[in-house]
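Enquirer: quick one, what's the 3D model for this:
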Amino acid sequence: AARQDYLLADDLVDTAVCSARLASWHSAPIQSGRSMSSLLAMLDAEIWTPSSRGEAGATPRDIAFGPLDRYCEDLYEVTRRETRTVTAGPVKFGSAHPLVRQTMATTLTSDVDATVEQAIRCADEGFDMLRVTVVGMKDAKACLKIRERLDQKGYNIPLCADMHFQPKVALVVADAVEKIRINPGNFADGRKTFEEMMYETDEQYFAERDYFVEVFSPLVEKCKQLNRAMRIGTNHGSLSARVLSFYGDTPRGMVESAIEFADICRSMDYHNFVFSMKASNPLVMVQAYRLLAAEQYRLGWDYPLHLGVTEAGEGEDGRMKSAIGIGALLADGLGDTIRVSLTEDPEFEFAPCNRLAEIGAARALPEATASQRAVPKYDDTRDILAFSRRSGRLPVQREGDHFDYRSLLHRDGSVLSAVSVEMLKNPQELYRQMGAKTVVGLPFKDISTSDSILLRSPPSAEDVEARLTIKRLQEVGVHPIIPADALALTPVPGAVALLPLSSTYEARESRGKRLVLSVRGDESEHELEQLKQIDHEFVLLDPPPALSRLHASRRLFSVFDRLCIDSAVIHHFRPVASEPAELALQMGAQVGGLLCDGLGDGVLIEPTSLSSFSLDTLRTASFGLLQGSRMRSTKTEFVSCPSCGRTLFDLQEVTAQISERTGHLPGVAIAIMGCIVNGPGEMADADFGYVGGAPGKVDLYVGKEVVRRAIPNEEACDALIELIKENGKWKDKEEVVDETEETGELVVA
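Expert: Predicted structure coming up:
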């Protein structure tokens, strides 16, 4: 907008800061006679990005900059978003540089020796940067010693100070570290409350901004002078009461919170900063980063992005959730630095962090680019501003059916398992690995039993034992899906035939039979339209290696939407030989990125001949994928922070204890937070919260409300269980039963 005000310098006590704050606009000649209040009023008008609130297409921001257009460089070919270079000591962030891999120390920062030792282990492991907790002045002064000790030992790994609530401490620690992370949710506005504030207009909401400028601008000025980097890091779990009241607990609120602080930086001609939009829910995290990227595109900004799923948890679940969120964004070409937040020692974060960086970089290699270009042209119709899950048509029962086929798929997401004839010959082991209950040797579906099985070769007619196993599974709704040509040679009563869509003649001749159709993702629209004329239960999406799974899948769903094809779609994934942690990363990055866009009704993991994964491992990972993608809950959901110097109890020990005693409660979400920083906010995604309130004391939450305070650590787990019981969400663990089918004896283990 054209500037109409002119500045007068006579009455200014200090024009230096004000001039710096306006440097990025360069268009205001300074004249005499204007007051400080007039100057500040002009600053309020000029610093801030126009509001995004209002009727779509007619908001002040829409009018000034146009509508949101794109969120990545290229929807059809993975191209890294161009970002400026941000420098933190020897490390550079931005599209001209490799992805920066970082972690966070779990030691007390005031314990200089322990922190230096952990920093060295992290650097030796391969990390490019280490973040440390800075709670108060004691930690800030310790950072000076930590930096000095590391330099003496020949380690130049940059340090990032993690700041919450303490603007004055941030000014001190800026002398010691190469980067400072500030949280817009509590750096200037640290009120930890969920009381609603009434803002009827933008003007009422904006009235508090002068205070933010007053509190934040000294740190910006110092970082600019010392060439320190900064991360403006919004957390879904710690949005301020002000933002929550105006924007709600939303990705839009996360983005607007960060833009306000970026506006102050830009007004002072300080640009050495990156953004982050972290959440424990991968769907929220992905949507927030995409929205921020889209806003940067329309505003003409090019600041790098730090990617991470916060409070991801531990083990394969933590790796899976991180891979879903980080993998989805790297596949869009977004991200310049990543951190995998696990409830483990920081050194153990390097392997998944580095692997995700490799997976992301591999998407831009010539072979990958060729597979993306091999996907036929299509229009990507996804709406990145509003999440919605596509729900495919489920199988229905027909008159005369001998078995119940409605259970072929599950309404919340399906897990299919690949089974061999050899497995059928050991039914009790097969039932166990499929997650089925057994009573006197007979299988029954449990909450995480495979929904259907893929059987490449049916057992011969003479194989009575294997066929009896199939029949018993069919009787409880677990149906075999067998390639049609194999089924024609060796019929299995009631089995579902699998046909490639290209075999349209055979499909049409199979009227009355249950069919599953396999597609590649590069079929013509005319071929895909044949699905409307062929009666089938669902579609198995199985792109060949020469096609990009991501883009072939997006194309298929786009075509289905345009042609009004409502078939359920199961992602067919063949992992290469690896170990469980790699499996979780690959599944999360390649399939989870689609599921978190709402594209897909389940997954079939079929190992290659070189793989040694057990059926149980693949089934468990598949259910973990669905739960991490916020589809089907089959176990307790833990939102567990990765620990840092603020943590008020042993997070790893407590998480293991709570998981052991409450991990059998599907549909229940428990947040385990080491301190108050993200604690209350993450209650939005949890039914119950276990939050460190003071040394040796724990506060318990129901939803976002604290209901019990200052419980001694040794009593807190029992108190949590009592709280779950009081709220009607507890059930006792089922006894593990060892069955001896031959004698009919039941032995309780």
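Enquirer: can you give me the helices in the stretch 1-150 of the chain?
Expert: Remark: helices assigned in the stretch 1-150 of the chain by DSSP state H, counting those that start in this stretch are 15-21, 36-47, 60-65, 112-125, 137-152.
Enquirer: residue nearest the middle of the protein, spatially speaking?
Expert: Centroid-nearest residue in the chain, with C-alpha atoms, centre = their mean: Pro282, separated by 2.3 Å.
Enquirer: the closest residue in space to Thr79 that isn't next to it in sequence and Gly94: what is the separation?
Expert: Nearest residue to Thr79 in three dimensions, chain neighbours excluded: Glu73, at 4.0 Å (C-beta to C-beta, 6 or more residues apart in numbering). C-betas here are computed from N, CA, C, even on glycine. Using C-beta to C-beta, to the nearest Å, Glu73 is found at 14 Å from Gly94.
Enquirer: still on that earlier bit, for the residue nearest to Thr79, list the residues it contacts.
Expert: Thr79, Arg80, Arg81, Glu82, Gly333 (C-beta atoms under 8 Å, 6 or more residues apart in numbering).
Enquirer: list the contacts of the third one.
Expert: Each residue near Arg81 by C-beta under 8 Å, 6+ apart is listed here: Cys72, Glu73, Ser95, Ala293, Leu305, Gly333, Leu334.
Enquirer: so which of those comes closest to Pro158?
Expert: Nearest to Pro158 out of the contacts of Arg81 is Leu305 (C-beta to C-beta; 17.9 Å).
Enquirer: list the beta-bridge partners for that closest one.
Expert: Applying DSSP bridges to Leu305 gives these bridge partners: Phe275.
Enquirer: surely it meets Gly335?
Expert: Yes. Between Leu305 and Gly335 there is a contact under C-beta atoms under 8 Å: 5.3 Å.
Enquirer: neighbour count for these two, which is higher?
Expert: Gly335 (27 against 22; other C-beta atoms under 10 Å).
Enquirer: neighbours of the nearest residue to the residue nearest to the centre of the chain once chain neighbours are set aside, just the number please.
Expert: Closest residue to Pro282 in three dimensions, ignoring its sequence neighbours and counting by C-beta to C-beta, 6+ apart: Gly325, at 3.7 Å. Gly325: 33 surrounding residues under other C-beta under 10 Å.
Enquirer: Gly325 belongs to a strand?
Expert: No. Counting by DSSP: H, G, I helix; E, B strand; the rest coil, one finds Gly325 to be helix, located in no strand.
Enquirer: make residue 1 into 367 and carry on from there
Expert: Shifting the count to begin at 367 puts that one at Gly691.
Enquirer: and it, what does it touch?
Expert: Applying C-beta under 8 Å, 6+ apart, the residues near Gly691 are Pro648, Met651, Val652, Leu673, Gly674, Val675, Cys962.
Enquirer: show me which of the residues you listed is closest to Glu733.
Expert: Taking C-beta to C-beta as the measure, Glu733 lies nearest Leu673 of the contacts of Gly691, at 24.0 Å.
Enquirer: quick check: which ranges of the stretch 917-1066 of the chain have low pLDDT?
Expert: Counting by pLDDT under 70, the stretch 917-1066 of the chain shows low-confidence ranges at 943, 1007-1016, 1041-1050.
Enquirer: low pLDDT regions in this structure?
Expert: Counting by pLDDT under 70, the ranges of the chain that qualify are 367-412, 555-563, 678-680, 871-878, 943, 1007-1016, 1041-1050, 1101-1115.
Enquirer: in terms of helices and strands, where is the closest residue in space to Lys898 that isn't next to it in sequence?
Expert: Among residues not flanking Lys898 along the chain, Ile931 sits closest, at 6.4 Å (C-beta to C-beta, 6+ apart). Assigned by DSSP states H and E, Ile931 belongs to no helix or strand.
Enquirer: give me the number of residues near Ile931?
Expert: With other C-beta under 10 Å as criterion, Ile931 counts 19.
Enquirer: quick one, what contacts it?
Expert: By C-beta under 8 Å, 6+ apart, Ile931 lies in contact with Leu894, Glu895, Leu897, Lys898, Val925.
Enquirer: ok now do the nearest residue to the second one once chain neighbours are set aside, which residues does it touch?
Expert: This means Glu895. Excluding the flanking residues, the one nearest Glu895 by C-beta to C-beta, 6+ apart is Leu929, at 5.6 Å. Residues in contact with Leu929 (C-beta under 8 Å, 6+ apart) are Glu891, Leu894, Glu895, Lys898.
Enquirer: great, nothing more from me.
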